[in-house]
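**Q** make a model of this:
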Amino acid sequence: MKRQAKNAHILDIKIKKAKRERQNEIRLRMKYGDFRYEIAEKVAGRHSRTAGSTPDVEKILKMMEMTGW
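**A** Residues are numbered from 1 along each chain as shown. Now for the predicted structure:
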């Protein structure tokens, strides 16, 4: 019984995290536009295969905005 409760708790956490990520994606798409968001996603995906820390999409979008892109 404890195992089922623990699994249910973990599943609940995963669902909440996915919901927060989706809401953040929607917010960023509304603020920066789909075109810029998709470019930032591709850049983040490309950098995830390199050494070092992976920049998240939001940081990439902020850098794009700072450079006037």
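
**Q** for this structure, just list every one of the helices.
**A** Shown for the chain, the helices assigned by DSSP state H span residues 2-32, 34-47, 57-66.

**Q** who are the packing partners of the longest one?
**A** Here helix 2-32 is seen to pack against helix 34-47, helix 57-66 when contacts are counted using 3 or more C-beta pairs under 8 Å, 6 or more residues apart in numbering; DSSP states H and E. For every residue, glycine as well, the C-beta is placed using N, CA and C.

**Q** now render the ones you listed as JSON lines, adding mean pLDDT, mean neighbour count and distance to Ala5.
**A** Compiled in JSON lines, these are given as follows (pLDDT from 0 to 100; neighbours: other C-beta atoms under 10 Å; distance: least, C-beta to C-beta, whole Å):
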{"stretch": "helix 34-47", "mean pLDDT": "93", "mean neighbour count": "15", "distance to Ala5": "36"}
{"stretch": "helix 57-66", "mean pLDDT": "94", "mean neighbour count": "16", "distance to Ala5": "34"}
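
**Q** indicate which one of these is closest to Arg27.
**A** helix 57-66 (9.3 Å; C-beta to C-beta).

**Q** ok so, going back, dump the helices and strands packed on helix 2-32 to a markdown table, plus distance to Lys2.
**A** Converted to a markdown table, these look like this (distance: least, C-beta to C-beta, whole Å):
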| stretch | distance to Lys2 |
| --- | --- |
| helix 34-47 | 38 |
| helix 57-66 | 38 |
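
**Q** closest one to Gln23 among those helices?
**A** Relative to Gln23, the nearest member of the helices and strands packed on helix 2-32 by C-beta to C-beta is helix 57-66, separated by 12.6 Å.

**Q** could you check the angle helix 2-32 makes with the closest one?
**A** Angular relation of helix 57-66 and helix 2-32 on a 0 to 180 degree scale: 10 degrees, by axes from the mean of the first three to the mean of the last three C-alpha atoms, to 10 degrees.

**Q** rewinding a little: what's the closest of the helices and strands packed on helix 2-32 to Lys17?
**A** Nearest to Lys17, of all the helices and strands packed on helix 2-32, is helix 57-66, at 15.5 Å by C-beta to C-beta.
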